[in-house]
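*Asks:* Here you go, sequence then predicted model.
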Amino acid sequence: MKITSPSLDSTLTVSVTILIHLRPFTPQKSPKITEILDQLTISPDSMIFLHNEFRNCNQTPFCKRARSRKPGACPLVAIDVSISNGDLVAKLIPKEKSEENTENGENPIKPLVLTISAYQDGIMRLKIDEDQNLSPRKKRFEVPDVIVPDFVNKKLWLQRLKEEENEEGIFSVVYLSDGYEGVIRRDPFEVFVRESGKNGKKVLSLNSNGLFDFEQLRDKKEENEEWEERFRSHTDTRPYGPQSISFDVSFYDADFVYGIPEHATSLALKPTRGPGVEDSEPYRLFNLDVFEYIHDSPFGLYGSIPFMVSHGKSKGSSGFFWLNAAEMQIDVMGPGWNNESVLMLPSDQKRVDTLWMSEAGVVDAFFFIGPGPKDVVRQYTSVTGKSALPQLFATAYHQCRWNYRDEEDVYNVDSKFDEHDIPYDVLWLDIEHTDGKKYFTWDRMLFPNPEEMQNKLAAKGRRMVTIVDPHIKRDESYYIHKEASEKGYYVKDATGKDFDGWCWPGSSSYLDMVNPEIRSWWAEKFSCKNYVGSTPSLYIWNDMNEPSVFNGPEKINFIRLLIMNLILIEILEVMLISARDLSVVTMPRDALHYGDVEHRELHNAYGYYFHMATADGLVKRGDGKDRPFVLSRAFFPGSQRYGAVWTGDNSAEWDHLRVSVPMILTLGLTGISFSGADVGGFFGNPDTELLVRWYQLGAYYPFFRAHAHHDTKRREPWLFGIDLVQERNTELMKEAIHVRYMLLPYFYTLFREANASGIPVARPLWMEFPADEKTFSNDEAFMVGNSLLVQGIFTQRAKHVSVYLPGEQPWYDMKTGTAYEGGATHKLTVLEDSIPAFQRAGTIIPRKDRFRRSSTQMENDPYTLVIALNSSMAAEGELYVDDGKSFEFQQGAFIHRRFTFSNGKLTSSKMGTATGGNNKFASECTVERIILLGLSPAPKNALVKPANQKVDVEWGPLLLRGGKGKSFLTIRKPNVRIADDWTIKLS
């Protein structure tokens, strides 16, 4: 489509390909919209997501420059190495004058300042920046409010510097932890962590390939010097010139590397450079609003976490984290990528090389030595924070749609869940509930009594969520805009005026959430007094917070406007004639934030600060007593402290079902445990088989929510009851949801583990079986905690599925109790009523088997313990319980029990101690059933102590509903409380 206007500097060309099936979904389009859509190029076999709609590396100058450098190009050497204020400090200078150590021949490289610090638990921090004593043009941006204060207090005070010299050069060595040392090589400059001793093996290194480059801020010498960058019709002024940083990082004895979300790709990151890798892009970290993204792609999505984990059979795991909020591109080098390099020294250590490239910022990098995968995650989350413990309701099932039309629609959906005996906890409202896309408001024609609506759901133990996005409608009658404008709280454009971009409301401005004052002001807006129509049972959804701007440098969202017809034609016409750049998806990089920080320097952290301020608002609303629930689409390191995230605007496709698993596992590896994917796919209409399989898999996601686009067919679970076949599908979805509610005690216990240790709820198989090479690249199956293994069904009309069950101990089918051998691949018949899920031998899982309308109504229900015995006839597990809503657990108000079974005796003992205060949490809940899998020979009765009560051991079902197959040894009604110490001895 070509649109020409005399008010535009040039012809604007928008090439669009859309699927034919999307064309009917514009029921309210005007003749003008019809005319525009008729001009679109229709290609039945084309993809909506086009690679050329986004900047690739060759179109990104800093990435192109970094990729073009050859190994050994870095001219820097380390001098003046010493200990100062407990740190190793040094200066980096060019070894000799050459073309490579000057910029444009006119700007000699000034010395860089290097600092190495050591912290408890084997963490090394490396900082490299321009020397502030040499008065650089500005201070480079360092990302604030990400590193938790507790970590800073764990710094070790380095006192001694050890010098070594051999044929490879001069080395300065400092103590890092027992068994590990931090090392800097002087010439050529290199930093690495090694095992202790002169011949200690390397763990991680930086600049081993000599690719380090640091573009320093400088003055523009010539008027015709090209500092500006152009992408299509957009020009980035770059007032400080090129300021990128790049370097190589090597992971030793690694078989694979993982992490650096968000990408819709495999769990084990595929090489992007090297022999056999053609035309591949680096993994991009640049938060963007990407709809209907394609799977198996390195292009960046909604969030960015520059943290990579390596794993190998011989060494275990290590990790590297670069705290930087600018755009980043990361290459994973394939074997032989540098075969022509003369820099490489002989080594018997295999390694994975990577290249990290960023547009701006400083080097603020963290080396994590592991050595186990859980150690690395624990070390990383000691820097960025552990996951917040969610309220119990948030771990249950959420029902969402864009949009539930009005109060009548809400009440009808709510009643239908009850009518069909399907539990749910949260009903969501998207943007259409507002008055003209003005957040903190209600469309009073559609929602005349929002408080009453929320209270009616709350009476059943249910909550509501409304959406609050960062774009603020520029409407003088809108109190949020008026106040923000008067206070100067908006992000500025390059000229210093309030930035004016386009989003759902039309003309919009964006709050400068980097400023703590503005975050505090925003938080106050969530009080029930300020958010008129809200109640304490209302929680928040932050969407579009990358931030999404429809008229920014990467244009796919302009296409989105045309396809969705979500704004008035008048707005569209204004956009087409306003000389605004139509190739935009986010804020211009030269927009200005608090402290004159350019948007390019902090882009990836914008959504993080918005998420933070919103979560703080809900905490303030409850006077600091209630835990918040805020879902965010954009994320950054530290987002785990403020709530949940989801994988964005996926599609109703089998490939998207499959890629949801590695996406969620990667988020967990990088600290974000509370994540999920839209069940059913946001775009498109899933066939019933796909929808059922998605519910069956989604029941094991940490965050379990169904969501759909407003142009899709309604797909609430009961809408499949036209005939007996369809009624069966409704039953299958209902049973999947029931599985989640049955396992809520186990999930909540895992969320507490994530809150205490950082270990994710959903885990790669290799996190639990780190020595099993068959698990290293398996991303179709995953662990839920240490006890459950889940295998998805990812193909239509599948008849069989192969499931690899790691370890030497057996696994028990969760529905049938059938035992399967560990350390083997099993070809299983695919069943319609469930996906393969197995309990690991040697574990105990707590359940609640009575089904209610919501998790709140299950509060006083009794527990079931399922004991899966290993070959030693032993097992263990945990149960964590608190009030499910407040922060009192931080003062010790919880019940945390360890269950152990050995020598025919089950013991319940206390775990954890109070951290202060006298708060106590009491529960009268009892254990109703104890099911024993794999016990032989069968006992006849059991003695409960200290009550000295004898109870019978009977045969009973594994599941009270939906189960099949044989019966299992069951202790019914032992009458023991979960809060007490007790034993049950079989005889």
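*Replies:* That came through, no problem. Computed from a predicted structure; not experimentally measured.
*Asks:* drop to CA atoms for contacts and neighbour counts, all remaining ones
*Replies:* Will do.
*Asks:* quick one: the strands in the stretch 501-650 of the chain?
*Replies:* Along the stretch 501-650 of the chain, counting by DSSP state E, counting those that start in this stretch, strands occupy 501-503, 506-510, 538-542, 592-593, 597-598, 630-632, 644-646.
*Asks:* Could you tell me which strands the first one is paired with, and in which direction each runs?
*Replies:* Within its sheet, and counting by DSSP bridges, strand 501-503 is paired with strand 506-510 (antiparallel).
*Asks:* For the partner strand, list the C-alpha coordinates in CSV.
*Replies:* What follows is strand 506-510, C-alpha atoms only, in CSV (Å, rounded to 0.1, in the frame of the first residue of the first chain):
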residue,chain,number,x,y,z
GLY,A,506,-5.0,7.9,20.0
SER,A,507,-2.7,10.8,21.0
SER,A,508,-0.9,9.7,24.2
SER,A,509,2.0,10.5,26.5
TYR,A,510,4.0,8.3,28.7
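*Asks:* I'd like to check what contacts it. Which residues are they?
*Replies:* Strand 506-510 is contacted from outside by 470-474, 490-491, 498-502, 567, 571, using CA atoms under 8 Å, 6 or more residues apart in numbering.
*Asks:* what about the stretch 301-450 of the chain, any weak spots by pLDDT?
*Replies:* For the stretch 301-450 of the chain, the stretches with pLDDT under 70 are 340-348.
*Asks:* one more time with 50, if that's ok
*Replies:* Residues of the stretch 301-450 of the chain that meet the criterion pLDDT under 50 lie in 342, 344.
*Asks:* Distance of the residue nearest the centre of the chain relative to E407?
*Replies:* Central residue of the chain (CA atoms, centre = their mean): L667, 3.8 Å from the mean position. Separation of L667 from E407 (CA to CA, to the nearest Å): 35 Å.
*Asks:* One more: G934?
*Replies:* 52 Å.
*Asks:* Which one's more surrounded, the two?
*Replies:* Using other CA atoms under 10 Å as the criterion, G934 and E407 rank with G934 on top: 23 against 18.
*Asks:* The more buried one touches A874, doesn't it?
*Replies:* No - G934 is not in contact with A874 according to CA atoms under 8 Å; the separation is 10.0 Å.
*Asks:* Just say helix, strand or coil for V725.
*Replies:* Secondary structure of V725, reduced to three states by DSSP: H, G, I helix; E, B strand; the rest coil: helix.
*Asks:* scratch that, Y748
*Replies:* Following three-state DSSP, the label given to Y748 is helix.
*Asks:* rewinding a little: give me the mean pLDDT for the host helix or strand of the residue nearest to the centre of the chain.
*Replies:* Assignment of secondary structure by DSSP states H and E places L667 within helix 654-669. If you average the pLDDT over helix 654-669, you get 98.
*Asks:* tell me which residues in it are buried?
*Replies:* For helix 654-669, burial by neighbour count (16 or more other CA atoms under 10 Å) applies to 654, 656-669.
*Asks:* do stretch 237-252 as well
*Replies:* Residues 237-238, 240-252 are the ones in stretch 237-252 that count as buried (16+ other CA under 10 Å).
*Asks:* from those residues, which ones fall inside strands?
*Replies:* Secondary structure from DSSP state E places 245-252 of these in strands.
*Asks:* returning to what we had before: CSV please, covering the strands of the stretch 501-650 of the chain and showing mean neighbour count and mean pLDDT.
*Replies:* Compiled in CSV, the strands of the stretch 501-650 of the chain are given as follows (neighbours: other CA atoms under 10 Å; pLDDT from 0 to 100):
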stretch, mean neighbour count, mean pLDDT
strand 501-503, 26, 95
strand 506-510, 22, 97
strand 538-542, 23, 98
strand 592-593, 23, 98
strand 597-598, 21, 97
strand 630-632, 27, 98
strand 644-646, 26, 98
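*Asks:* before we move on, back to that, lowest-confidence entry in the buried residues of stretch 237-252?
*Replies:* Minimum pLDDT for these is recorded at T237 (81).
*Asks:* isn't that one right next to E229, touching?
*Replies:* Yes - counting by CA under 8 Å, T237 does reach E229; the two are 6.8 Å apart.
*Asks:* Kindly reformat the strands of the stretch 501-650 of the chain as TSV containing distance to L697.
*Replies:* Below are those laid out as TSV (distance: least, CA to CA, whole Å):
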stretch	distance to L697
strand 501-503	34
strand 506-510	37
strand 538-542	23
strand 592-593	42
strand 597-598	42
strand 630-632	20
strand 644-646	15
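*Asks:* Nearest to R715, out of the ones you listed?
*Replies:* Closest approach to R715 among the strands of the stretch 501-650 of the chain (CA to CA): strand 644-646, 19.6 Å.
*Asks:* Adjacent strands (with direction) for that closest one?
*Replies:* Strand pairing (DSSP bridges) places strand 644-646 next to strand 630-632 (parallel), strand 675-676 (parallel).
*Asks:* With distance to A756 added, can I get these in a markdown table?
*Replies:* Below are the strands paired with strand 644-646 laid out as a markdown table (distance: least, CA to CA, whole Å):
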| stretch | distance to A756 |
| --- | --- |
| strand 630-632 | 20 |
| strand 675-676 | 17 |
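*Asks:* of all the ones you listed, which lies closest to G607?
*Replies:* G607 lies closest to strand 630-632 among the strands paired with strand 644-646, at 7.8 Å (CA to CA).
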